[in-house]
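Asks: with the input below, show me the fold.
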Amino acid sequence: MKNIPVVILAGGFGTRLREQTEFIPKPMVPVGTKPILWHIMKIYSFYGYKRFIICLGYKGGIIKDYFLNYRMRDCDFTIKLGNHENIRIHNMHREDDWEVTLADTGLKAMTGARIKRIEKYIDTGSFLLTYGDGVANMDIDRLIDFHISHGKLATITGVKPPSRFGELITEGNRVIEFGEKPQVGSSMINGGFFVFNRGVFRYLSDNDLCTLEREPLERLATDGELMAYHHIGFWQCMDTLRDMNLLNEYWESGNAPWKVWEEQ
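Replies: Predicted coordinates:
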């Protein structure tokens, strides 16, 4: 199971964080000295999931450049200016065993279309999926064990932060309805951190307008194929400038709840 890929949605415009996303894609907005995308990947990597497929869109070239030059960004090196091929690396980074596929999934594609477009890179019977702007102290192994235990096509993680997100209505662990805009703030909402079987691709379309959080998840719920993993720990997205500042305050305090790995 450790070989299953982690798909990360990183193509949106991030309009609510325009102060930063005018210049860089939202997944590249820093928390501390690293992009939030790196923090998300470190969570999965800690549990042994080190194959990543990143769905690119808006300013995707910046994310490509980040990973293409990752070694030079993270390590000390000596270069002879007359010969750029003669570079001596003085230390190693901790992500040598990561495999990162960077896939252009379209500038204006919605989430469902982006996932459909990376189907060709999924070579396992199931895969993980999350958004490129949210962190949690999520136990990925327990999430996957839960998914395997119920035998349905899809698992969504339910969390309970502020009420501006799509609402999950459940009976026990079974999702019976997926609502985009909640009426009250006390219910669970979609926190990302999905586990999907390949059968989910039947619910998706290559059409730019295909939005995972609408018809696909609603149909999965109607068909009894969508289950909710209840996460009662820390979860926080980076949706606004206030969110960005909050995450940076956590990180700078030295007690970031999502930091399950040892080194910084």
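Asks: tell me where the stretch 151-264 of the chain has strands.
Replies: 154-159, 167-171, 174-179, 189-190, 194-197, 226-230, 235-237 (DSSP state E, counting those that start in this stretch).
Asks: next up, the contacts around D65.
Replies: Contact partners of D65, counting by CB atoms under 8 Å, 6 or more residues apart in numbering, are absent. C-beta coordinates here come from the backbone N, C-alpha and C atoms, glycine included.
Asks: quick one: low-confidence ranges for the stretch 101-250 of the chain?
Replies: 161-169, 178-186 (pLDDT under 70).
Asks: apply 50 and report the result again.
Replies: 163, 182-184 (pLDDT under 50).
Asks: name the SS class of G112, please.
Replies: helix (DSSP: H, G, I helix; E, B strand; the rest coil).
Asks: most tightly packed of the strands of the stretch 151-264 of the chain?
Replies: strand 154-159 (a mean of 25; mean count of other CB atoms under 10 Å).
Asks: quick one: closest of the strands of the stretch 151-264 of the chain to L17.
Replies: Proximity to L17 (CB to CB) singles out strand 235-237 among the strands of the stretch 151-264 of the chain, at 10.4 Å.
Asks: picking up where we left off before, the strands of the stretch 151-264 of the chain: which one's closest to K34?
Replies: strand 235-237 (15.9 Å).
Asks: could you please name the strands the closest one pairs with and the direction of each pair?
Replies: strand 134-136 (antiparallel) (DSSP bridges).
Asks: name the surrounding residues that touch the next helix-or-strand element following the strand it pairs with.
Replies: Next helix or strand after strand 134-136 toward the C-terminus (DSSP states H and E): helix 140-150. Under the contact criterion CB under 8 Å, 6+ apart, helix 140-150 has outside partners 1, 43-44, 47, 49, 126, 128, 155, 157, 173, 193, 195, 227, 229.
Asks: ok, stretch 66-85 next?
Replies: 28, 35, 86-93, 95, 100, 102.
Asks: and that stretch, what's its mean pLDDT?
Replies: Across stretch 66-85, the average pLDDT comes to 85.
Asks: ok, what's across the strand from K34?
Replies: Beta-bridge partners, per DSSP bridges, of K34: V31.
Asks: in the protein, which residue sits furthest out from the middle?
Replies: Computed with CA atoms, centre = their mean, the residue of the chain farthest from its C-alpha average is G82, at 40.8 Å.
Asks: which parts of the protein are helices?
Replies: Along the chain, the segments classed as helices by DSSP state H run 18-21, 36-46, 60-68, 70-74, 111-117, 140-150, 215-222, 241-253.
Asks: which one of the ones you listed lies nearest to V260?
Replies: Closest approach to V260 among the helices of the chain is made by helix 36-46 (4.9 Å; CB to CB).
Asks: just the angle between the closest one and helix 241-253, please?
Replies: Orientation check (axes from the mean of the first three to the mean of the last three CA atoms, to 10 degrees): helix 36-46 against helix 241-253 gives 50 degrees.
Asks: dump the C-alpha coordinates for helix 36-46 into CSV.
Replies: Extracted in CSV, the C-alpha atoms of helix 36-46 (Å, rounded to 0.1, in the frame of the first residue of the first chain):
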residue,chain,number,x,y,z
ILE,A,36,2.7,24.9,2.0
LEU,A,37,2.8,22.2,-0.7
TRP,A,38,6.1,21.0,0.8
HIS,A,39,4.4,20.7,4.3
ILE,A,40,1.6,18.6,2.8
MET,A,41,4.0,16.3,1.1
LYS,A,42,6.0,15.9,4.3
ILE,A,43,2.9,14.7,6.1
TYR,A,44,2.4,11.9,3.6
SER,A,45,6.1,11.2,3.4
PHE,A,46,6.3,10.6,7.1
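Asks: ok, and what's touching it?
Replies: 6, 8, 10, 26-31, 50, 52, 54, 63, 95, 98, 128, 130, 132-136, 138, 140, 238, 247, 258-261.
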